[in-house]
Each structure stands twice: as structure tokens, then as C-alpha cells.
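Q: Show me the folded form of this:
(one chain, ligands or ions: 1)
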Amino acid sequence: MFKSVLVIGHFRGIRLEVHISWLIIFALLLTTMSAGFHNQYPEWSLATVVVTALVTALLFFSSIVAHELGHSLVAIRRGVLVTAITLFIFGGVAQMTRDPDRADDEFWIAIAGPIVSFLLAGAFGLLAAATSGWYQPVPVALGWLATINLMVAIFNLIPGFPLDGGRVLRAVVWKLTRNPRKANETAFASGKLVAYGLFALAVWNMAAGNLVGGLWIMLIAWFLLNMTQAQGRMYLLRERLAGVRARDLAEADVPLVAAQRSVEAWLYQDVLPSGRRAFLVGSDPAHIEGLVSLSDARRVEQSQWPDTRVAEIMTPVAKLHHVAPGAKADEVLQLLNEHGLNQVPVMENGRVSGWIDRQRLLRTVEIHLEVNR
Ligand SMILES: [Zn+2]
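A: Next up, the predicted model:
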């Protein structure tokens, strides 16, 4: 399969990765910066121009990673799991598995990124001043890094969703009104306003002859609008599903397979006729030994299927993720997302009372949305 991200490292359990689209912005930044240095300092050699631009660009992207780490470390400290930091064409994003439950958490997670950028701007500014008499490319690069980090901090504080400022706004409204719904609506409306404002700015730039700059602003506006709308839909979904529990989403008919059954018999006689991708292993729902899925079967050579028992390839019950019948719908979705699961049994006191499958869950969610308008 074509991989669109490249993992560049790990930090405190967070995967640091670069999306393929990032190469576009990196190349663009490198060329515009080189051209800028060349125009401003014609006495610099070509090698000096290129190396300075390259080092500066890499330090700039490290600054973006630091900004996202700011969000991530505060999030982790406040109990929100962060899986990855991804650099892509419009900057960086820390991938969190859920939204914070409290206004305070939302506020500090959101503000941490811009604080890091402000601190970096200050540090680079001081270094630029301290090195002003040095070999010229050094203070020039440091000065550029101070300015760009300041711009990153300020741009991100624009109070429109999904920018950090939009999250800060949401947290403040949430705290003041104690009404998360109102907070979501405010952040959503301000996000749309910011995106439309940027569209207007883009048109104005293009009309003034700045075609490339205008187009770039338009792309950012389009991206922000999409993100705002996606986030708005997600909040709506959470609101509508507020009273829905795991037991409402589960199907009672739990697919079971005996531990001694061969993988071959299971695949051809159980999986194919039923169209189900996973089965619980055991003789009855009160005595479950584990869960076996198609992805477990794929790890076994086809020639071994007749001689392998499902018990040998299953995930044993001790390691199995499960939910209680009273778990909230969004907790179930979060569990599926956090662990990349396609199904999860509903269990209480070691007894399985039902089964939630991702596809069925999404269908049920749709139906709930139709009914609870
Ligand atoms: Zn940020």
C-alpha cells in the first residue's frame, strides 16, 4: 500500500511523522527563502544562500514540532492521549484521540502551542541580537526564525475554529456559560467567519496582483472551512448521542466459535456464510475465551489453516478490550478509534451480553440522528 506519511521519530510515546504534502511546502519555503536571501544579500555565495535557507527551514519546522509538542505534553498531563504529531502542507497537527472533558483542559492544551511559539520567537530574537556582529548568515537566520515564530503564534491565536484561538474561545465560552453546546456553536460560527474573512483577503490579494499569495491564502481558507465543518458535525453527533449507551448499540446475537475449531472450518463454514469479520471464541456467552478476527487469520499461512485451531490465533479474553453496557456511545467510538478496533464485546462480570461492530455502530448512529432531530 502507498504510504503517505514518513515516521521520523518518537518522543514520549508520540509518533513524529511527515505527510507527503509537507514536501511541497518545504520546497516552496526553500526556494522563496533562497530567492529572498539572494536579493537582500547579493554578496552571499550561492552555497551560503542555499545552506542558510536549508538550515533555517529545518529549524522552522522543528519550531512547528515544538509548538505541537507544547499542545501534546499538556494534553498528556491532563489525561488526553496523543498518538502522533504530523507535519503537513498547512503546518502541524497533534492527533489527539478525543476532545478534553473540561473547559480548563481545553484552554491550557490550546494555549500551550502559541506560548511555545512566543517563547521561541523571544529566544531566537535574543540570539539574533547576541550574534549581530558574527558571520552574517547566523544573525539573519535567527532574526527570520524570531519573526516567523511570532507570526505562527499570532496566526494561531485568531479566534476561529480549528485554530488554537478558536479552541481558546470555545474554552472561555464554555467556562463562562457552563454550556458546552453554546461554546461549540460560538467556536463553529467564528471558524466560519475567519475562513470567509480569509477568502475575502485572498480575493483582495489576487485583485491587487499578488496571484500566488492570494491563491495560497485561499487554500488555507478552504482548509480551515473544511476542518470547521467537520468539527461542527462531530460536536452535533456527540450532542445527539449524549443519552445513547453501549447496550442501545449492541446486537444481542453474538457470533461464537468453538476454541477447537480449525481456522479453515471457521473461515469457510462460519465467516463466509455469515459475512462477519470476527467471532468470540467459546461455547456460550458466559464463558468467553477470546476473540478471533480475519486479521488474526491473515497472519497464518493458508496451508496451515486446516491444522491450526482458532484458540491458537485468537486474542485471549484477558487482553480483550470490552465495554460495559452503560458506557456512553462516544466512549465506545473513542475506544474503537484509540485501538483501531473493528468490534468490541459488551461485557459485565465476565459475561458477554452483546457485541458492537464498527459498521453497525455507524449505521445505528445514522438512524439515531434521523430519529432524534
Ligand atoms: Zn497550535
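
Q: Can you tell me the element residue 6 falls in?
A: Secondary structure here is read from DSSP states H and E; on that basis residue 6 sits in strand 5-11.

Q: Where does this structure get nearest to the ion, which residue?
A: When scored by Cβ to the ion, the chain has residue 113 as its residue closest to the ion, at 3.0 Å. For the C-beta atoms, the positions are set from N, CA and C on the backbone; glycine is no exception.

Q: what about that residue, how many neighbours?
A: One way to gauge burial is a neighbour count; for residue 113, by other Cβ atoms under 10 Å, it gives 27.

Q: Check which residues of the particular helix or strand that has it in it are buried.
A: Here residue 113 sits within helix 103-130, counting by DSSP H and E. Buried positions in helix 103-130, judged by neighbour count with 16 or more other Cβ atoms under 10 Å: 103, 105-118, 120-121, 124-125, 127-128.

Q: Show me the shaky parts of the protein.
A: Scanning the chain for pLDDT under 70 picks out the ranges 1-3, 368-369, 372-373.

Q: Contact residues of it facing the ion?
A: Contact residues (Cβ under 5 Å from the ion) of the chain with the ion: 113, 156, 164.

Q: show me the contacts for the second one.
A: Applying Cβ atoms under 8 Å, 6 or more residues apart in numbering, one finds that residue 156 lies in contact with 67, 113-114, 117, 163-165.

Q: gap between the helix holding residue 113 and the chain center?
A: 21 Å (Cα atoms, centre = their mean, to the nearest Å).

Q: and it, what other elements does it pack with?
A: With contacts defined as 3 or more Cβ pairs under 8 Å, 6 or more residues apart in numbering; DSSP states H and E, the packing partners of helix 103-130 are helix 46-77, helix 137-156, helix 164-177.

Q: Tell me which of these sits most buried.
A: Sort those by mean neighbour count, taking mean count of other Cβ atoms under 10 Å, and helix 164-177 sits at the top with a mean of 21.

Q: C-terminal to that one, what's the next element?
A: Tracing the chain C-terminally past helix 164-177 and defining elements by DSSP H and E, one meets helix 180-207 next.

Q: Now do that following helix and helix 103-130, the angle between them.
A: Counting by axes from the mean of the first three to the mean of the last three Cα atoms, to 10 degrees, helix 180-207 lies at 40 degrees to helix 103-130.

Q: Pull out the buried positions in the next helix or strand after helix 180-207.
A: Scanning the chain past helix 180-207 towards its C-terminal end, the next helix or strand to appear is helix 211-240 (assignment: DSSP H and E). Buried positions in helix 211-240, judged by neighbour count with 16+ other Cβ under 10 Å: 214, 216-218, 220-221, 223-225, 227-228, 231-232, 235, 237-238, 240.

Q: Count residues in the vicinity of residue 295, would you?
A: Residues lying near residue 295 (other Cβ under 10 Å) number 12.

Q: which stretch of helix or strand covers it?
A: With elements taken from DSSP H and E, the one containing residue 295 is helix 294-298.

Q: Following the chain past that helix, name the next helix or strand.
A: Note on helix 294-298: by DSSP H and E, the next helix or strand toward the C-terminus is helix 310-313.

Q: Off-centre distance for that following helix?
A: Mean C-alpha position of helix 310-313 versus that of the full chain (Cα atoms, centre = their mean) differs by 34 Å.

Q: How far off centre is the following helix or strand past that helix?
A: Scanning forward in sequence from helix 310-313, with DSSP H and E defining helices and strands, the next element found is strand 315-316. The chain centroid and the centroid of strand 315-316 are separated by 28 Å under Cα atoms, centre = their mean.

Q: Can you list the strands that strand 315-316 pairs with?
A: Applying DSSP bridges, strand 315-316 is found paired with strand 287-293 (antiparallel).

Q: Okay, buried residues for the partner strand please.
A: For strand 287-293, the buried set under the neighbour-count rule, 16+ other Cβ under 10 Å, comprises 288-293.

Q: Put the alpha carbons of that strand into CSV.
A: Taking C-alpha atoms only, strand 287-293 is exported to CSV below (Å, rounded to 0.1, in the frame of the first residue of the first chain):
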residue,chain,number,x,y,z
HIS,A,287,-17.6,-18.4,29.2
ILE,A,288,-15.6,-16.5,26.6
GLU,A,289,-12.0,-17.5,25.9
GLY,A,290,-11.1,-14.8,23.4
LEU,A,291,-11.9,-13.1,20.1
VAL,A,292,-10.7,-14.1,16.7
SER,A,293,-10.9,-11.9,13.6
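
Q: Would you mind confirming that residue 171 is in contact with residue 159?
A: No - assessed by Cβ atoms under 8 Å, residue 171 is found out of contact with residue 159, at 11.0 Å.

Q: Show me what counts as buried in stretch 239-249.
A: Going through stretch 239-249 with 16+ other Cβ under 10 Å, the ones that come out buried are 240-241, 244-247, 249.

Q: Under a three-state scheme, what state does the most centrally placed residue in the chain occupy?
A: Centroid-nearest residue in the chain: residue 95, 2.8 Å away (criterion: Cα atoms, centre = their mean). When the structure is split into helix, strand and coil by DSSP: H, G, I helix; E, B strand; the rest coil, residue 95 lands in strand.
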